[in-house]
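> dropping a prediction and its sequence here:
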Amino acid sequence: MTMEKLYLVTETYPNPGGDSNFVIPELQELKKKFEVTVICLSKRGLEAKLDSEVQYLFWNLDLTVASKLKYSCKYFATRDCWRELGQILKEGKKNIIGRLVKSFEFFSCSEEFYGFLEKNLDPYESAVFYTFWSKFYTLPLIIHKKKYSSYCLITRLHGCDLYQERYLYGRQPFKAVINNGLDRLYFLGRLSQKYYLNVYPELDKSKTIVCPLGVRKIYGKKEKETGKPFLLMSCSSVIPLKRVLWIAEALERIKEPIKWVHFGGGAELSRLRQYVLKNLANKEGVEIELKGDTSNEGVHRFYEENYVDCFITVSATEGCPVSVMEAMAAGVPVIATAVGELPLMIDENGILLGENPELEEISEAICTMMKMSEKSKRQMREKSKQIWEKYYSAVINSKKMVEDIQKLSIENRGNIKWSTGGY
């Protein structure tokens, strides 16, 4: 029996890093039900790991000045772009020029991607298109779907493609057009879904589903070695949004022996290293390791080889952070700010901070975890594992999502309406 085709648009996979760690668990389930082609929006790297059961296409955005001029003219000849312009003007004068520029840029990138699709795919075939992020490459599949209407279009929303404040000038381009044209929108959590429906009240709620990515089980070390200090771990990019420096500043107030290990690099890593050298290098009882960029496997191995007492994140904004899901999968308690899905993820398995905690609040939370009884610590660790298994298992969540995609695809095949529309 011939399986239906599914085109999965990724930004990094099958190259290492980026979305690869999230795509792979879903891909294992998708290829059981569909004939999968991955369209990767970056050049194939030497370390790319290709699955023999999957086909691959690689594309790299390279907009020339001539292309930008061509697409700018096309912008004003496209009905959906006029709707976009009307929406920008309706929203008021704040950042209007910047928002217009980002809208032109978004459309130009989308049309460039569609040119690649036209050359490589049959637009009339019945298929499912799944954009792993809801970005510019989702738009052409909607604008041009009006000409063919032979495929089902679904997308995921994470954070940078969801929250208004995560996009330059505080506005996500073409969302009204994208929302209207999608068959399904998958959210990482209930709070992000609620936020999105509040920002776009015209969106048909029945098209939205909460389906966290999930992570695989991590076999965290179960017993703590005698004499080892309290091990605090964090994992994120070192950028202003993640406020990693706050953790270092909070540690200045800690008087008990503690070791902090951070995984992740970024623009502020050098500044963080300098701060640690200046303020914490000679502080008695404090040991700090800044690991920098580390593979997902490397982080998992650390959990397996070290008894991590607590995981911490003080990020200013989040979706449903994979780093926290991984900590729970390893049975580690969590200290986290009350942003994104985190208020729903912390339930008797850690300490929830305010959205913008003072340093004293952070240090007090760490001290509370350090002074907690062994019984309470064991209960928190067990609760973390239970929450992961119930809500954030990659195997379980991937199966549920693929079942929904298959059901949606069957419904779509029964409701195809051929159109000769277009611009």
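Everything's here; your move. The shown structure was predicted, so the numbers you read here are calculated from the model rather than taken from an experiment.
> which parts of stretch 185-199 are buried?
Along stretch 185-199, these residues count as buried under the neighbour rule (16 or more other Cβ atoms under 10 Å): 185-189, 191-193, 195-197. (Glycine included, C-beta is placed from N, CA and C.)
> which residues of the stretch 151-300 of the chain fall in strands?
Taking DSSP state E, counting those that start in this stretch as the test, the strands found in the stretch 151-300 of the chain are 151-157, 184-187, 208-210, 230-235, 258-263, 286-292.
> could you do the stretch 301-423 of the chain as well?
310-313, 334-337, 350-353.
> in helices, which of the buried residues of stretch 185-199 appear?
Those of the buried residues of stretch 185-199 mapping onto helices are 191-193, 195-197, per DSSP state H.
> just send these back as JSON lines, with distance to residue 66 and pLDDT too.
Formatted as JSON lines, these follow (distance: Cβ to Cβ, whole Å; pLDDT from 0 to 100):
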{"residue": "191", "distance to residue 66": "44", "pLDDT": "89"}
{"residue": "192", "distance to residue 66": "39", "pLDDT": "91"}
{"residue": "193", "distance to residue 66": "41", "pLDDT": "95"}
{"residue": "195", "distance to residue 66": "39", "pLDDT": "94"}
{"residue": "196", "distance to residue 66": "36", "pLDDT": "96"}
{"residue": "197", "distance to residue 66": "40", "pLDDT": "97"}
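> and of the residues you listed, the nearest to residue 378?
Nearest to residue 378, judged by Cβ to Cβ, of these is residue 191 at 29.1 Å.
> need the contact list for that closest one.
Applying Cβ atoms under 8 Å, 6 or more residues apart in numbering to residue 191 gives the contacts 340-341, 343-344.
> cool, residue 29 as well?
Neighbouring residues of residue 29 by Cβ under 8 Å, 6+ apart: 398-399, 401-402.
> what comes up buried for stretch 305-322?
306, 308-315, 318-322.
> for stretch 173-187, measure first residue to last.
End-to-end distance of stretch 173-187: 18 Å, with Cα to Cα, to the nearest Å as the criterion.
> centre of the chain to that stretch, how far?
Computed by Cα atoms, centre = their mean, to the nearest Å, the chain-centroid distance of stretch 173-187 equals 17 Å.
> dump the buried residues of stretch 185-199 into a markdown table; add distance to residue 412 as well.
Output for the buried residues of stretch 185-199, formatted as a markdown table (distance: Cβ to Cβ, whole Å):
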| residue | distance to residue 412 |
| --- | --- |
| 185 | 15 |
| 186 | 16 |
| 187 | 20 |
| 188 | 24 |
| 189 | 26 |
| 191 | 29 |
| 192 | 25 |
| 193 | 22 |
| 195 | 27 |
| 196 | 22 |
| 197 | 22 |
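> let me know the closest of the residues you listed to residue 360.
residue 191 (26.7 Å).
> against residue 198, how distant is the closest one?
Distance of residue 191 to residue 198, computed by Cβ to Cβ, to the nearest Å: 10 Å.
> repeat for residue 281
Going from residue 281 to residue 198 by Cβ to Cβ gives 46 Å.
> kindly report the same for residue 329.
Taking Cβ to Cβ, one finds residue 329 at 30 Å from residue 198.
> kindly report the same for residue 23.
Relative to residue 198, and taking Cβ to Cβ, residue 23 is found at 29 Å.
> ok so, going back, just curious, which of the buried residues of stretch 305-322 is nearest to residue 111?
Distances from residue 111 to the buried residues of stretch 305-322, taken as Cβ to Cβ, are shortest for residue 319 (28.0 Å).
> surely the closest one and residue 192 touch.
Yes - using Cβ atoms under 8 Å, residue 319 is in contact with residue 192, at 5.7 Å.
> any shared contact partners between the two?
159, 162, 340-341.
> so which two of these are the farthest from each other?
Across these, no pair lies farther apart than 162 and 341, at 11.5 Å, counting by Cβ to Cβ.
> overlap in contacts of these two?
Counting by Cβ under 8 Å, 6+ apart, the contacts common to residue 162 and residue 341 are 192, 319.
> before we move on, back to that, reformat the ones in helices among the buried residues of stretch 185-199 as JSON lines; add distance to residue 348.
Formatted as JSON lines, these follow (distance: Cβ to Cβ, whole Å):
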{"residue": "191", "distance to residue 348": "19"}
{"residue": "192", "distance to residue 348": "22"}
{"residue": "193", "distance to residue 348": "24"}
{"residue": "195", "distance to residue 348": "25"}
{"residue": "196", "distance to residue 348": "28"}
{"residue": "197", "distance to residue 348": "28"}
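> report the two of the residues you listed separated the most.
Using Cβ to Cβ, these reach their maximum pairwise distance at 191 and 197, which is 10.9 Å.
> quick one, phi psi at the residue nearest to residue 221 when sequence neighbours are not counted?
Leaving aside its sequence neighbours, residue 221 sits nearest to residue 307 (Cβ to Cβ, 6 or more residues apart in numbering; 4.5 Å). When read as degrees, to the nearest 10, the backbone of residue 307 gives phi -80, psi 100.
> which ones are touching residue 307?
220-225, 228, 231.
> for the closest residue in space to residue 320 that isn't next to it in sequence, what are its contacts?
Nearest residue to residue 320 in three dimensions, chain neighbours excluded: residue 188, at 3.6 Å (Cβ to Cβ, 6+ apart). Shown in contact with residue 188 (Cβ under 8 Å, 6+ apart): 156-159, 210-213, 319-320, 341.
> nothing else from me, thank you.
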